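Enquirer: Pasted the sequence and its predicted model underneath.
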Amino acid sequence: MENYSTQPLFFIIITIISFIQFSLILRFLFELMRVNFYNPVCQIIVRITDYILLPIRIIPMYVGRVDFGIIIMATAVTALKIYFMYFNIGFDFSVNALIVASFGKLLDEVFTILWWAIIIGAIGSWFMAYNSHPIFSLIDELCEPLYRPIRNVLPMSSGIDFSPIILLVIIRVLQMLIIPPIFHLANQL
């Protein structure tokens, strides 16, 4: 039997953890795509995540443009989120399964954030008055490196850019190919 008096507390905890996870994913994507760190939205994300990443920054973990410290911290936060989501119902799982499932959930959420960034960027491109907003310029900088290879293969046709549509299909296919085997592995542990 569930204790309904603790549900608001779990909701607040999961919401805070989700916000931290979202911020870490954005920070990772910003660094990976080399967005302009002088953008005000980017500055806010960097300030928030600097405090979270401070304990792990003792050991530099860069390989090229990839900061493994952010990936490790984001996976840990995702594991905490999964743990709290299932803690209330008494679900028990091994640490190994939790780590693998957390990495799979993290990848799934990265794909989902990119999916929505592409959709918001495409819709925002229809309204010229809003294109000067820092969020839209940040979304453009985030998605442009992903559009570039597609545009090299398939140039614009009659002024219509099909690269967002193709990228959305690629993201969904990657989600269908990569995420289920990770969760299957987590179930086996």
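Expert: Right, received. Where do you want to start?

Enquirer: residue ranges for the strands of the protein, please.
Expert: In the chain, the strands defined using DSSP state E lie at 62-63, 66-67.

Enquirer: Of these, flag the one that's most buried.
Expert: strand 66-67 (a mean of 16; mean count of other CB atoms under 10 Å). C-beta coordinates here come from the backbone N, C-alpha and C atoms, glycine included.

Enquirer: Adjacent strands (with direction) for that one?
Expert: Paired neighbours of strand 66-67 in the sheet (DSSP bridges): strand 62-63 (antiparallel).

Enquirer: which non-adjacent residue is nearest the residue nearest the centre of the chain?
Expert: Central residue of the chain (CA atoms, centre = their mean): V110, 3.0 Å from the mean position. What sits nearest to V110 in space, not counting adjacent residues and going by CB to CB, 6 or more residues apart in numbering, is I25, at 5.6 Å.

Enquirer: who touches the one you found in this structure?
Expert: By CB atoms under 8 Å, 6 or more residues apart in numbering, the contact list for I25 reads 74, 106, 109-110, 113.

Enquirer: Which one (most neighbours) among those residues?
Expert: Greatest neighbour count in the contacts of I25, by other CB atoms under 10 Å, goes to A74: 26 neighbours.

Enquirer: For that one, which residues are in contact?
Expert: With CB under 8 Å, 6+ apart, A74 has these contacts: 21, 24-25, 28, 106.

Enquirer: now, the most widely separated pair of the residues you listed?
Expert: Of all pairs drawn from those, the widest gap by CB to CB lies between Q21 and F28 and measures 10.7 Å.
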